[in-house]
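Visitor: Have a look; sequence and predicted model below, questions after that.
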Amino acid sequence: MVRAEVGDRRILSRSAFPELFHALTEAGYQVIGPTVRDGAIVYDRLRSVADLPEGWTDRQGAGQYRLERRNDAALFGYTVGPASWKKFLFPARERLWTATKEEGGFSVRAEPVEGPPLAFFGMRACELAALGVTDRVFQGGPVADPGYSARRARVLRIAVQCGQSGGTCFCVSMGTGPGVRAGADLVLTEILTHGPHRFLLEVASEAGAAVVGRIPSALAAAGAEDTERAEAIVAATAASMGRTMPTEGLPELLRGNLAHPRWEDVARRCLSCTNCTMVCPTCFCSSHEEVPDLDGRTVERWRHWDSCFNLAFTELHGQSVRKSGLSRYRQWLTHKLGTWHEQFGTSGCVGCGRCITWCPVGIDLTAEVAAIRATPGAVTPKAGGKT
Amino acid sequence: MPTPPRPKLAVWKFASCDGCQLSVLDCEDELLALADKVEIANFREASSAVIDGPYDLSLVEGSVTTPEDERRIKEVRAQSRVLVTIGACATAGGIQGLRNFADVDEYRRVVYAHPEYIQTLATSTPIADHVPVDFELRGCPISKAQLLELISAYLGGRAPNLPNESVCIECKRRGNVCVVVAKGTPCLGPVTQAGCGAICPSFHRGCYGCFGPQGSPNVPSMLRHLHDLGMAPPAVQRVFRTFNPLAPAFKSASEAATSDEER
Ligand code: SF4
Ligand code: SF4
Ligand code: SF4
């Protein structure tokens, strides 16, 4: 094994690319990454580089997603799909513990969190930022979530700097991408022009160095022109964002406009279907459910993804606190972009655009915010904090 | 110590296809455990042995479509401590609820050789239109998991956990790719209540709404959305009238679908 150092930059040719994959599996990682399924690029277990969406791209708009063929063989020539990495750390349904009735009492057995270390292969800059947000949510408080923390400790992050932006992306506005600044173990930039298909590989952590150290012969020295090429790719992506959302004074803007007529307008369109919150990489709400067996001897406690768009989510004493669709959409947006700052010291939005693309009726938070910004202080007649 | 008497369970059939009762029978393994806990006192689909009422828990399948049904449901209610409707027919009129929007005499003439022998009402109505109902299990047919949850809740003396959220949330928890956004396939998931586990989208089809409306359906937005997807008003009307025609939100959707044409 040859030592690789944090900060090293190397060139990995397309033909040697599978060696990086082998290095991961040999190091004991289960590789999770993008792959084509049911008309979209999703994150799933990869068996080899052949499972990557080679030559595919996606076209995204509000409420629209289509896969299309590229006219090259890019491995990462698309942006983010419907599912984020969150499901591997915070599963959609998870048994937390099982309690069993016993003589004179009961015993509780916590669910063990097992599984191999995971390599998240192909994380985008916005997704690294989202991971930073969920780390704060699940681990930043006085009590860390045990399941999340156990899984999170085993994750290796192999990032890809985006070579193109999607129709609903706005990471530039949120300051999260498209260039990778922090939070990765390895950073790849796919270079398709000015020479053979290749990748600039940057070593960003000791864990990343340990993987790269397994494949010294697959790597060539990177020249200044390679680094410049990678920077140019990121700059071109940054210049072609599908959406923008100025963030200046955003929490104050929202707080000062709780009775703005735009909330009624969006409530007329919003289906309260929860899709936006399900696809959002930072939405973390859940509900717990006790599932007893028929004879009442054992009971299992399950946690599943829930959403502020559900009526029952705010049910207290048989009544929902947020009855109207208006109050639920407003709760979501003012939390995500506003009160999240107070709660977690960061915006809840990383600008990935998923909630725009995967909303069946194409509701676009950047447009909602723009409408409020255009007429601040407008008030719905007789509204004012309606639930 | 004498064992306390087991609660008596009855299963009743009104106008229906028996599919929901089959879901009860489909709980084979669990039924064995159940037989220990409840006395299956009256369930003609399973056994001709009938124990007299009153019953602790009655599951009612089917809608009210005849004068005899109208009389019988009152009797069932009078004999039942807890009455639960099972399925789209009992809860929202069922497929036979189509008659509510048509001329039942004409149906009778077309379908039967001797229409004069057929005694029927002009409408197919949910059980709750006739007697008070304690809980409803949605679906065509109902979900086995929800049925077992209901019975276990009953035995445990707690409220059953029957979420009124959308099918979309189950679809996403399952990791499906949305058929609307990725393929342009119309899907009633956003306005339909969860419980099925998003079966249809899992097989790349749109949801048909068989679990009826979710807790806060936005019907006008859904109608505009289906229109934008290219669904013609008669097709929209049909899809909202298929399983739960009398659920208020779906009824208003089916009525608005055709008045859409005039707009
Ligand atoms: S709010 Fe929307 S754009 Fe922002 S992180 Fe969530 S899904 Fe992405
Ligand atoms: S904003 Fe869109 S995705 Fe979110 S609940 Fe409303 S309709 Fe569904
Ligand atoms: S396929 Fe249907 S149920 Fe699933 S998320 Fe899309 S609209 Fe909702």
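Guide: Nice, I can see it. Ligands and ions are numbered 1, 2, ... in the order given.

Visitor: Return the distance of the closest residue to residue A:234 other than its chain neighbours relative to ligand 1.
Guide: Nearest residue to residue A:234, sequence neighbours excluded (CB to CB, 6 or more residues apart in numbering or on different chains): residue A:179, at 4.3 Å. For every residue, glycine as well, the C-beta is placed using N, CA and C. Going from residue A:179 to ligand 1 by CB to the nearest ligand atom, to the nearest Å gives 18 Å.

Visitor: same deal with residue A:222?
Guide: As judged by CB to the nearest ligand atom, residue A:222 and ligand 1 stand 32 Å apart.

Visitor: again, but for residue A:40
Guide: As for residue A:40, its distance to ligand 1 is 15 Å (criterion: CB to the nearest ligand atom).

Visitor: repeat for residue A:276
Guide: Applying CB to the nearest ligand atom, the value for residue A:276 to ligand 1 is 6 Å.

Visitor: tell me the contacts of that residue?
Guide: Listed by CB atoms under 8 Å, 6 or more residues apart in numbering or on different chains, the contact set of residue A:276 reads A:283, A:309, A:332, A:354, A:355, A:358, A:359, A:363.

Visitor: Now do the same contact list for the last one.
Guide: Taking CB under 8 Å, 6+ apart as the contact definition, residue A:363 lies against A:62, A:266, A:269, A:270, A:276, A:329, A:355, A:356.

Visitor: same question, the third one
Guide: With CB under 8 Å, 6+ apart as the criterion, the residues that contact residue A:332 are A:276, A:277, A:308, A:309.

Visitor: Could you pick out the buried ones from these?
Guide: Among the contacts of residue A:332, those classed as buried by 16 or more other CB atoms under 10 Å in any protein chain shown are A:276, A:277, A:308, A:309.

Visitor: Is the second one part of a helix or strand, or is it coil?
Guide: Read it as residue A:277. Of the three states, residue A:277 takes helix under DSSP: H, G, I helix; E, B strand; the rest coil.

Visitor: how many other residues sit next to residue A:5?
Guide: 10 (other CB atoms under 10 Å in any protein chain shown).

Visitor: Let me see the confidence value for it.
Guide: If you check residue A:5, the pLDDT there is 91.

Visitor: Check which helix or strand the residue nearest to residue B:153 when sequence neighbours are not counted maps to.
Guide: Using CB to CB, 6+ apart and skipping residues adjacent in sequence, the residue nearest residue B:153 is residue B:160, 3.8 Å away. Assigned by DSSP states H and E, residue B:160 falls within no helix or strand.

Visitor: Return the residues in contact with residue B:160.
Guide: By CB under 8 Å, 6+ apart, the contact set of residue B:160 is B:135, B:146, B:149, B:150, B:153, B:154.

Visitor: is residue A:58 in a bridge, and if so with what?
Guide: Residue A:58 has these beta-bridge partners by DSSP bridges: residue A:67.

Visitor: Please parse the chain into its domains.
Guide: All of this is about chain A. A:9-238, A:250-374 (automatic domain parsing).

Visitor: ah, no, chain B please
Guide: Following automatic domain parsing, one finds the domains of chain B at B:8-156, B:167-262.

Visitor: Now look at stretch A:28-44 and say if it contacts chain B.
Guide: Yes - shown here: stretch A:28-44 in contact with chain B (CB under 8 Å from any CB of the partner chain) through A:37, A:38, A:39, A:40, A:42.

Visitor: oh sorry, the question was meant for stretch A:252-269
Guide: Yes - residues of stretch A:252-269 are located near chain B by CB under 8 Å from any CB, namely A:268, A:269.

Visitor: Leaving out chain neighbours, which residue sits closest to residue A:189?
Guide: Per CB to CB, 6+ apart, closest to residue A:189 is residue A:230, 3.9 Å.

Visitor: give me every residue that touches that neighbour.
Guide: Here residue A:230 is in contact with A:161, A:189, A:191, A:200 (criterion: CB under 8 Å, 6+ apart).

Visitor: any low-confidence regions in chain A?
Guide: For chain A, the stretches with pLDDT under 70 are A:1-2, A:382-387.

Visitor: in it, which spans are helices?
Guide: With DSSP state H as the criterion, chain A has helices at A:17-26, A:86-89, A:125-139, A:146-152, A:171-174, A:206-212, A:224-238, A:250-255, A:261-269, A:275-279, A:325-334, A:340-344, A:354-357, A:365-374.

Visitor: from what I can see residue B:148 touches residue A:293, true?
Guide: No - Residue B:148 is beyond contact range of residue A:293, at 9.5 Å (criterion: CB atoms under 8 Å).

Visitor: Give me the more crowded residue out of those two.
Guide: Between residue B:148 and residue A:293, residue B:148 has the larger neighbour count (other CB under 10 Å), namely 20 against 14.

Visitor: how far away is that one from residue B:127?
Guide: According to CB to CB, to the nearest Å, residue B:148 stands 21 Å off from residue B:127.

Visitor: and what of residue A:322?
Guide: Here residue A:322 is placed at a distance of 31 Å from residue B:127 (CB to CB).
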